[in-house]
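Student: Next come a sequence and a model predicted from it.
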Amino acid sequence: MKKKLMLSNAAIIVVGFIAAFLLAALQVQRQYQTEFTRRLDTALSILSTQVENIQREPETAATNVGVELEKAGQEMRISVIDLNGKVIGDSAKEDINQNHSSRPEIIQARKNGRGYDTRISASLNQRYYYEAVYVKDRFFIRAALPTADLDKGIHRIWLVAALSMLLGIAIVCIVTGILVYRVTEPLKQLTDAAGEISAGDYSSRVTGSYEDEVRELAQSFNAMAQSTETAVSQLISKQNQLEGVLQGMDDGVLAVDAENKILFLNQSARRLLEKPGLDENGKLEGSLLVGKIANMMKHAIESSESGKETITGAPNDKQFIVYVSPIAGQEEQSALAVITDVTRVHKLEQMRSEFVSNVTHELKTPLTSIRGSIELLKSTDRDEKTRRYFYDVLDIEAERLHRLIDDMLALSQIENAREDPSVRCCSVREELEHCIDRLKPVAEKNQIQLTLDADSTLFVSCSPTRLQQLFGNLIENGIKYNKPSGSVAVTARRQRQTVVVQVKDTGIGIAPEHFDRLFERFYRVDASRSREIGGTGLGLSIVKHLAALYGGEVGVESEVGKGSTFIVHLPLLLNEA
Ligand code: ADP
């Protein structure tokens with residue numbers, strides 16, 4: 001642009017100067033011509049008064065007039081030419097022998113009485129301006145002035161014009177260069193800034209001090225860049241928020257395009273699909289479950305319809321609800337899937353319904369027995385012994401119901417208690433002694449020997465009542481599921497930072513296949529025996545939950561026919577040791 005402007009300005013200057021020069025040169029020429037004509041007219045008018053004299057002695061007359069004019073400072077050449085074109089007198093005494101009848105000024109003068117011409121004299125080799133007057137039927141008088149002055153003037157004009165033109169071009173180039181720089185520099189800065197913005201650097205601005213329209217343009221540009229930067233940063237922050245929400249979701253979220261290329265997926269999706277290698281821009285493939293979801297998404301893209309499916313039998317017996325939807329409003333076809341893991345919910349539902357049926361069953365048995373006994377007692381023909389028997393049955397079943405309800409309440413309280421407010425520092429040995437004292441009569445009744453070997457320096461942070469409930473349940477089971485003349489040995493030891501309480505019996509033992517479910521509610525190894533001896537099926541479940549409530553755990557080791565050992569680990573209260 002700079003070059004173009006410079007060239008066009010220089011061209012304008014050149015054309016302007018040439019036109020100005022031509023006009024000036026023409027003007028000068030015309031002025032010289034008028035001046036020459038006036039001078040030649042004067043000379044010829046004087047000569048015209050001396051016709052007789054010239055007729056007589058043309059040579060002398062021409063010379064004399066020439067001399068006179070030279071004296072007067074007029075360098076003028078006077079010639080007398082006869083009607084045949086022969087020079088009969090000439091003040092310059094030249095080309096006497098040349099025929100002048102064909103000279104333009106002579107031809108014109110013959111025709112009009114007066115004629116003019118400018119040319120280089122053939123004899124003097126100099127440019128002359130000629131004027132000839134026709135003296136009727138006698139001769140022509142011709143006066144000529146050298147045009148050297150005129151030519152010099154015109155040369156000077158050429159020279160001055162050329163120099164001025166060069167100077168003008170130089171000035172124009174400099175001025176144009178400065179002007180163009182002042183106009184193009186801001187434009188260049190604007191273009192650079194626009195380029196940076198389009199490359200993603202939205203903080204780019206134009207900072208120079210500009211004038212007039214360019215300043216307004218720069219201000220508008222900066223305002224536009226600012227609003228773009230604000231809009232983009234808002235968009236990015238919203239996108240980050242959204243991505244944060246999606247990444248933090250428990251549900252798996254993923255999006256794929258029509259080529260099954262992953263556009264987005266969150267951590268939960270990788271976790272639920274058990275495919276940590278899945279990545280954006282990769283293909284959604286790698287397992288049966290992933291393939292099923294990919295098919296659902298493909299179908300959603302092709303049909304533009306949402307879909308929902310429950311996928312069961314996924315790895316590790318998991319269950320998922322997968323919701324897929326085509327993503328509308330985009331040129332590129334894509335679909336979004338939300339994967340919800342419903343395994344736990346399903347399990348909970350299953351457990352709830354199992355629990356309801358178990359509770360119903362547990363309540364039904366004693367209630368049926370109670371109702372039967374009452375019916376039988378209603379009839380009057382029962383003897384006293386039978387009546388007493390049914391009263392005993394009623395007593396036992398009522399007691400069973402009472403225990404069942406107590407255990408259920410205890411279990412629900414423990415399950416719902418996040419923190420136990422009645423927690424305090426308890427001596428493990430003291431609590432075990434309380435349990436043994438309480439259960440001694442039962443043990444004696446069953447001919448079971450109860451022993452305790454506990455370190456007295458062991459303390460735990462628990463509720464004493466609940467701690468007794470925990471140990472009591474285990475010791476009671478040891479007595480209940482024992483053999484006559486058996487024993488239950490209770491020990492308490494310190495193992496690093498934990499207290500380990502073991503309740504070891506010499507009872508019937510438990511087969512290993514029951515270990516997994518032993519601590520579940522209402523799970524019994526031998527249901528009839530448990531019921532017979534008044535078990536609710538909730539004892540070990542309460543033990544497990546209590547141990548967990550105080551940050552501990554419970555385990556079992558057992559051999560059928562030899563006995564079982566229940567091992568409880570509880571965190572040791574160190575500062576009391
Ligand atoms: P229950 O009220 O029936 O005793 P628990 O939850 O305390 O309920 O025990 C669940 C089942 O585990 C019992 O029914 C019994 O079959 C078995 N069990 C518990 N403790 C022992 C043990 N020390 N020896 C053998 N079997 C046991």
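Tutor: Received it, and whenever you're ready, just let me know what you need. It should be emphasised that the depicted structure is a prediction, and the values quoted were computed from it without experimental measurement.
Student: So which residue is smack in the middle of the chain?
Tutor: Residue closest to the average C-alpha location in the chain (C-alpha atoms, centre = their mean): Ile236, at 6.0 Å.
Student: Can you report phi and psi for that one?
Tutor: phi -70, psi -40 (degrees, to the nearest 10).
Student: Let me see the contact set for it.
Tutor: With contact set as C-beta atoms under 8 Å, 6 or more residues apart in numbering, Ile236 has no partners. C-betas here are computed from N, CA, C, even on glycine.
Student: Need the per-residue pLDDT for it.
Tutor: Looking at Ile236, its pLDDT reads 91.
Student: Please apply the same query to Lys480.
Tutor: 92.
Student: what residues does the stretch 401-550 of the chain put near the ligand?
Tutor: 473, 477-478, 481, 505, 507-508, 510, 518, 523-526, 530, 535-541 (C-beta under 6 Å from any ligand atom).
Student: And the host helix or strand of Gln239, what's buried?
Tutor: Under the criterion of DSSP states H and E, Gln239 resides in helix 212-248. Judged by neighbour count (16 or more other C-beta atoms under 10 Å), helix 212-248 contains these buried residues: 214, 218, 221-222, 225, 229, 246.
Student: repeat for stretch 113-129
Tutor: Buried residues in stretch 113-129 (16+ other C-beta under 10 Å): 114-118, 121, 127-129.
Student: Strands - which of those residues land there?
Tutor: 114-118, 127-129 (DSSP state E).
Student: quick check, nearest of the residues you listed to Gln497?
Tutor: Arg127 (130.1 Å; C-beta to C-beta).
Student: Any idea how many residues pack against the spatially closest residue to the closest one that is not a sequence neighbour?
Tutor: Leaving aside its chain neighbours, Arg127 sits nearest to Thr147 (4.3 Å; criterion: C-beta to C-beta, 6 or more residues apart in numbering). Neighbours of Thr147 under the rule other C-beta atoms under 10 Å: 21.
Student: Check Leu23 too.
Tutor: So Leu23, with other C-beta under 10 Å, has 10 neighbours.
Student: same question, Leu546
Tutor: Neighbour tally, Leu546, other C-beta under 10 Å: 26.
Student: isn't there a helix covering it?
Tutor: Yes: when classified by DSSP: H, G, I helix; E, B strand; the rest coil, Leu546 is found to be part of a helix.
Student: Which residue is the nearest non-sequential neighbour of Ile46?
Tutor: Val65 (7.4 Å).
Student: After whatever helix or strand the one you found lives in, which helix or strand is next?
Tutor: Assigning secondary structure by DSSP H and E places Val65 in helix 58-71. With elements assigned by DSSP H and E, the helix or strand that comes after helix 58-71 is strand 77-82.
Student: in that following strand, what's buried?
Tutor: Applying 16+ other C-beta under 10 Å to strand 77-82 flags 77-81 as buried.
Student: tell me the SS of the residue of the stretch 151-300 of the chain found nearest the ligand?
Tutor: In the stretch 151-300 of the chain, the residue that lies nearest the ligand is Asp250 (33.1 Å; C-beta to the nearest ligand atom). State at Asp250, reduced to three classes by three-state DSSP: coil.
Student: The residue nearest to Ile46 touches Ala92, doesn't it?
Tutor: No: using C-beta atoms under 8 Å, Val65 is not in contact with Ala92, being 11.8 Å away.
Student: re the thing from before, now do the same contact list for the residue nearest to Ile46.
Tutor: With contact taken as C-beta under 8 Å, 6+ apart, Val65 is in contact with 43, 46-47, 50, 78, 91.
Student: Repeat that for Ser102.
Tutor: So Ser102 contacts Gly85 (C-beta under 8 Å, 6+ apart).
Student: Tell me the secondary structure at it.
Tutor: Once three-state DSSP is applied, Ser102 turns out coil.
Student: Could you pull up phi and psi at it?
Tutor: Taking degrees, to the nearest 10 as the convention, Ser102 sits at phi -100, psi 0.
Student: how close does it get to Gly552?
Tutor: To Gly552, Ser102 is 145 Å away according to C-beta to C-beta, to the nearest Å.
Student: And for Ser463?
Tutor: In terms of C-beta to C-beta, Ser463 sits 13 Å off from Gly552.
Student: Check Arg138 too.
Tutor: Distance from Arg138 to Gly552, by C-beta to C-beta: 159 Å.
Student: mind listing what's buried in whichever strand or helix holds Tyr391?
Tutor: For Tyr391, the host element (DSSP H and E) is helix 384-416. Buried residues in helix 384-416, counting neighbours by 16+ other C-beta under 10 Å, are found at 390, 393-394, 397, 400-401, 403-404, 407-408, 410-411, 414.
Student: cool, stretch 509-516 as well?
Tutor: 509-510.
Student: which residues are contacting that stretch?
Tutor: 518, 523, 525, 556, 558-564.
Student: That one: end-to-end distance?
Tutor: Distance between the two ends of stretch 509-516: 15 Å, counting by C-alpha to C-alpha, to the nearest Å.
Student: Would you state the helices of the stretch 301-450 of the chain in chain order?
Tutor: 343-378, 384-416, 428-445 (DSSP state H, counting those that start in this stretch).
Student: could you give the mean pLDDT of the second one?
Tutor: Read it as helix 384-416. 89.
Student: for it, packing partners?
Tutor: helix 343-378, helix 539-549 (3 or more C-beta pairs under 8 Å, 6 or more residues apart in numbering; DSSP states H and E).
Student: which of the ones you listed sits most buried?
Tutor: helix 539-549 (a mean of 21; mean count of other C-beta atoms under 10 Å).
Student: quick one: contacts of the helix or strand just after that helix?
Tutor: Later in the chain than helix 539-549, the nearest helix or strand by DSSP H and E is strand 553-559. The list of residues contacting strand 553-559 from outside it, by C-beta under 8 Å, 6+ apart, reads 509-512, 515, 518-519, 540, 543-544, 547, 564-569.
Student: Among those residues, name the ones in strands.
Tutor: Going by DSSP E, the strands hold 564-569 from the contacts of strand 553-559.
Student: Considering the residues you listed, which is situated nearest to Ala199?
Tutor: Checking the ones in strands among the contacts of strand 553-559 one by one against Ala199 (C-beta to C-beta), the nearest turns out to be His569, at 62.6 Å.
Student: quick one, what contacts that closest one?
Tutor: Shown in contact with His569 (C-beta under 8 Å, 6+ apart): 495, 498-500, 547, 552-555.
Student: Alright, I will stop here.
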